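1. How does the following fold in three dimensions:
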Amino acid sequence: MSGLLLTRSAGTRIEGAVEPPHSLHMQFELLVASGGGEKSPLRPAPHEIWFSSTNAIAPSPFAQTAGMMALARLMEREEAPGLNPSRWFEALRAHIAASFGAPDTVVLLAPSVAAARDLARAIAWSIHGRASWELSAGAAESQGLALEEGAVDIALRFADASPRDADVINQAAKQAARVMGGPLLIHLLDQSRSGLYGLGRDCAQAIADKHAALTLVDASMMRAPPERLRADLAAGRMVMISGSTFLGGHGSSAALLVPAELMARLRHAAPETLLLNAACSDMAPRWRERFCGRHAARLNIGLGLRWSAALAELERYLRMPEALREAVLALFVRKVRSRLSRCDLIDAIDEETGGGVTPLILHDVSLEEAERLRAALASSRNTPGDAACHLGAAMTLGDQIVALPISASAPMVSDVADRIAKGVTFERAFAPIQRDIDTLFAKLQRVRG
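-> The predicted structure follows:
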């Protein structure tokens, strides 16, 4: 199915692809920014350091080329055979379903994580005929989760930012579900922006079984292996993913994956307020009457280009052995924590986190001051050793601990694999990442000192 999206890929270039002509670049940047991508980085920035994959990073050169080749096919240029827009979106949705679900998994594209979450709310409304009570754990560390009135959120941390025991979180969620009534929508956070996890899957399933609740797995951090998300869908849970964070695609690309048996239960019309961002091209024709508002756009070309780019990076990342992926992410965290042990102004949180994410704890700093520090790190005077360094958005852990998350990304891990494939040792293949970590901490010392 990926042959409908772009040519086969390997390494950091696309095999058989002609480099897009310069005239295509401006057209691509104009279109990829449309339909929700207006505030996202439009082009790769390979000379900047991107440790910000808990929010968004600049598109990788590989993803950018894949997106431009998709546009070339849409425009029927000589460089690539033409592609019908309807078949293109159908192929995008089928690619996502094949990567994470089953052939009959329903895929609804969305221009943001928040829009994908609203689609899940619309499905819950369509099943129950009214709004659902919402239960979550870790809303403060989630992407695009604005809790509705009456929602219950279980904190993942104590006031001092130390993580709460999983059994305590799960027990609190069960107690909350008993008094909330129904219908109920559970937000199951696969990984937070600080590296923690929300409700346990066994707990969420027990609540769903007892209270006939629906469950939305928030996997927008994209650290979950495909097999885990495939199992979630097989268990009847909705799954939300993103191409804009860890995968290194352009910003503002998300999708909601829904089990076919859940879609078969739809009965009622959902409020149009939950469907404001939907376009007809985001879903198969049979679902458009139900989920596209009266004023919905027919095509969201920008979203299609953003997903074409992200899926190219997904293929590249999943091609490498899982053990190598995990080794690179684990080494990234160890190297960051090693540098933190020699830094007087910043600490690492005293816990093990997954997915190549480590929160940098800032002492005696407000959230606003942390954002100013992040902006200073991201600026550059174009002098040697002063590269722009991007970290995740500032966040509060517990009641008052402020942190900036530092995280690895799929393109970073794939670059290591590409270097190893050329005969370089693991240590030498990781060396460019080590240099970037050293550059970041040297700049942190200068800015904070």
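2. hang on, isn't Asp218 packed against Ile186?
-> No: between Asp218 and Ile186 there is no contact under CB atoms under 8 Å: 10.4 Å. C-beta here means a position set from N, CA and C on the backbone, and glycine is covered the same way.
3. out of all of them, which helix in this structure is the longest?
-> Assignment by DSSP state H gives helix 426-448 as the longest helix of the chain.
4. can you pull the buried residues of that helix?
-> 429-430, 433, 436-437, 440-441, 443-444, 448 (16 or more other CB atoms under 10 Å).
5. just the CA coordinates of that helix, formatted as CSV?
-> Taking Å, rounded to 0.1, in the frame of the first residue of the first chain, the C-alpha atoms of helix 426-448 are listed here in CSV:
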residue,chain,number,x,y,z
PHE,A,426,27.4,1.7,17.6
GLU,A,427,29.5,4.1,19.6
ARG,A,428,30.7,6.1,16.6
ALA,A,429,27.1,6.1,15.2
PHE,A,430,25.8,7.6,18.4
ALA,A,431,28.7,10.2,18.5
PRO,A,432,26.7,13.0,16.7
ILE,A,433,24.0,12.8,19.3
GLN,A,434,26.5,12.9,22.1
ARG,A,435,28.0,16.1,20.5
ASP,A,436,24.5,17.7,20.4
ILE,A,437,23.9,16.8,24.1
ASP,A,438,27.2,18.4,25.0
THR,A,439,26.4,21.5,23.0
LEU,A,440,23.0,21.8,24.7
PHE,A,441,24.4,21.6,28.2
ALA,A,442,27.2,24.0,27.4
LYS,A,443,24.6,26.5,26.2
LEU,A,444,22.4,25.9,29.2
GLN,A,445,25.3,26.7,31.5
ARG,A,446,26.0,30.0,29.6
VAL,A,447,22.3,31.0,29.5
ARG,A,448,21.5,30.2,33.1
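6. can you give me the strands for the stretch 51-200 of the chain?
-> Taking DSSP state E, counting those that start in this stretch as the test, the strands found in the stretch 51-200 of the chain are 106-110, 133-137, 152-154, 184-189.
7. Adjacent strands (with direction) for the third one?
-> Sheet pairing for strand 152-154, assigned by DSSP bridges, gives strand 133-137 (parallel).
8. hmm, back to that, who has more neighbours, Asp218 and Ile186?
-> More crowded of Asp218 and Ile186, by other CB atoms under 10 Å: Asp218, with 29 against 26.
9. And that one, how close does it get to Leu404?
-> Using CB to CB, to the nearest Å, we find Asp218 at a distance of 21 Å from Leu404.
10. Check Ala66 too.
-> Distance of Ala66 to Leu404, computed by CB to CB: 30 Å.
11. Kindly report the same for Ala394.
-> Ala394 sits 6 Å away from Leu404, going by CB to CB.
12. And for Ala235?
-> Noted for Ala235: a distance of 35 Å to Leu404, by CB to CB.
13. Could you pull out the helices in the stretch 51-200 of the chain for me?
-> 61-74, 85-100, 113-128, 166-180 (DSSP state H, counting those that start in this stretch).
14. what's the shortest one packed up against?
-> To tie it back to what came earlier, the one meant is helix 61-74. Judged by 3 or more CB pairs under 8 Å, 6 or more residues apart in numbering; DSSP states H and E, the packing partners of helix 61-74 are strand 13-14, helix 22-32, helix 85-100, helix 301-319, helix 410-421.
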